[in-house]
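A.B. asks: any chance you could fold what I've pasted below:
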Amino acid sequence: MEVTFAAVPSFPITKSVTSDRNSCSLSIVRRNKFVQLSFSSTSFRTNKSPLFKVLSAERDHVQVVEGSGVDEIYDALVRRILPPASVSLNPNYKFFVGLAGPPGAGKSTIAHEVASRVNKLWPEKASSFDSQVKPPDVAIVIPMDGFHLYRSELDAMKNPEEAHARRGAPWTFNPMRLLTCLKNLRVHGSVYAPSFDHGVGDPVEDDIFVNLQHKIIIVEGNYLLLEDGVWKEISSLFDEKWFIDIDIDKAMQRVLKRHISTGKPADIAKQRVENNDRLNAELIMKSKKNADIIIKSVDF
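C.D. replies: I've put the predicted structure just below:
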């Protein structure tokens with residue numbers, strides 16, 4: 001397996017969000033830098049340590065760093081978004097990362113691991129905290145799954161059978177709720193966001209509290225980089241956009257195993273993959289071009 005992380009050159013940008021009651025703006029200048037990370041291994045299931053490379057090219061200068069663990073990959077991503085110590089004094093600082101990719105790409109794993117590492121490193125950056133006081137987490141993950149339409153909403157559609165069969169397609173989400181949630185967070189600094197209960201099959205309202213202390217917001221989901229309608233507005237809110245690029249067949253194998261592990265008969269699981277998940281994945285892959293960083297997974 002070979003996994004490659006690549007970031008295309010970025011340019012200075014300014015983002016602002018306004019509302020009737022409050023306004024908040026965030027201006028950032030991104031590094032004009034190309035970053036590529038890669039590692040190779042015959043299998044994750046062996047006891048052999050995979051080989052990792054981190055390539056950083058600024059202008060014509062290229063540096064290569066080699067290591068022996070996946071930690072290098074995560075740490076390189078963390079360094080891109082770990083907030084400077086000065087943000088501890090700025091209650092309005094918020095940095096939004098949109099992490100997209102097809103089903104089975106590993107979005108949740110990467111999002112939570114990066115957030116966890118940011119939170120572990122933050123005390124070293126924020127020296128203003130008393131050594132006896134545990135500083136608050138500065139990074140948190142908001143999953144797009146919490147913005148699924150409820151099953152009752154699918155039941156009310158013109159063709160409820162199709163709606164349930166295609167659950168996971170863009171039109172089975174409520175992107176306006178996600179857009180409003182992120183705008184409110186940008187403006188007011190805190191918000192309650194929903195999670196998703198896979199056992200019940202419905203969102204759980206107000207399950208995730210993003211507070212003023214959270215500075216890094218990682219939103220992970222399939223359609224965050226689409227260019228259509230409300231999805232495009234959502235995409236415009238992110239300060240950095242990441243996309244996990246993976247061979248669709250490999251991703252579908254993972255999704256198939258996931259369906260079977262939840263109790264679906266193998267034949268039903270295969271039908272769902274071919275008639276729903278693959279169609280969604282093909283659409284999602286088209287949004288890869290909108291990413292700032294491509295996280296690519298390729299078998300060899």
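A.B. asks: give me the three-state assignment for the residue nearest to Lys270 when sequence neighbours are not counted.
C.D. replies: Residue nearest to Lys270 in three dimensions, not counting chain neighbours: Leu256, with 6.5 Å by CB to CB, 6 or more residues apart in numbering. Any C-beta I mention is one placed from the backbone N, CA and C, and that applies to glycine too. Here Leu256 is helix, with the state taken from DSSP: H, G, I helix; E, B strand; the rest coil.
A.B. asks: distance of Leu256 from Gly104?
C.D. replies: Leu256 sits 9 Å away from Gly104, taking CB to CB, to the nearest Å as the criterion.
A.B. asks: try Lys257
C.D. replies: 9 Å.
A.B. asks: so those two - more neighbours on which side?
C.D. replies: Gly104 (21 against 12; other CB atoms under 10 Å).
A.B. asks: ranges for the helices of the stretch 51-200 of the chain?
C.D. replies: Under the criterion DSSP state H, counting those that start in this stretch, the stretch 51-200 of the chain contains helices at 71-81, 107-125, 151-155, 160-165, 175-188.
A.B. asks: closest to Val87 out of those helices?
C.D. replies: helix 107-125 (8.8 Å; CB to CB).
A.B. asks: buried stuff in the closest one?
C.D. replies: 107, 110-115, 117-119, 121-122, 125 (16 or more other CB atoms under 10 Å).
A.B. asks: which stretches of this structure have low pLDDT?
C.D. replies: 1-70, 127-133, 296-300 (pLDDT under 70).
A.B. asks: tell me where it has strands.
C.D. replies: 2-7, 13-18, 23-28, 34-40, 51-58, 61-67, 95-100, 139-143, 191-197, 202-210, 216-220, 240-246, 293-298 (DSSP state E).
A.B. asks: burial count for Ile246?
C.D. replies: 24.
A.B. asks: among the buried residues of helix 107-125, which pair sits farthest apart?
C.D. replies: Pairwise over the buried residues of helix 107-125, using CB to CB, the maximum falls at Lys107 and Lys125, 25.9 Å.
A.B. asks: okay, now Gly263: neighbour count?
C.D. replies: 8.
A.B. asks: and the gap between it and His198?
C.D. replies: Gly263 is 11 Å from His198, by CB to CB.
A.B. asks: try Pro91
C.D. replies: 35 Å.
A.B. asks: do Trp122 as well
C.D. replies: Distance from Trp122 to His198, by CB to CB: 30 Å.
A.B. asks: re earlier: which residues are in contact with the residue nearest to Lys270?
C.D. replies: Shown in contact with Leu256 (CB atoms under 8 Å, 6 or more residues apart in numbering): Ala269, Lys270, Val273.
A.B. asks: before we move on, what about Ile244?
C.D. replies: Leu99, Ala100, Gly101, Pro102, Ala105, Gly106, Lys107, Ile110, Ile295, Lys296, Ser297.
A.B. asks: touching, the third one and Lys107? I think so.
C.D. replies: Right, the one you point to is Gly101. Yes. Gly101 lies in contact with Lys107 (CB atoms under 8 Å); the separation is 5.1 Å.
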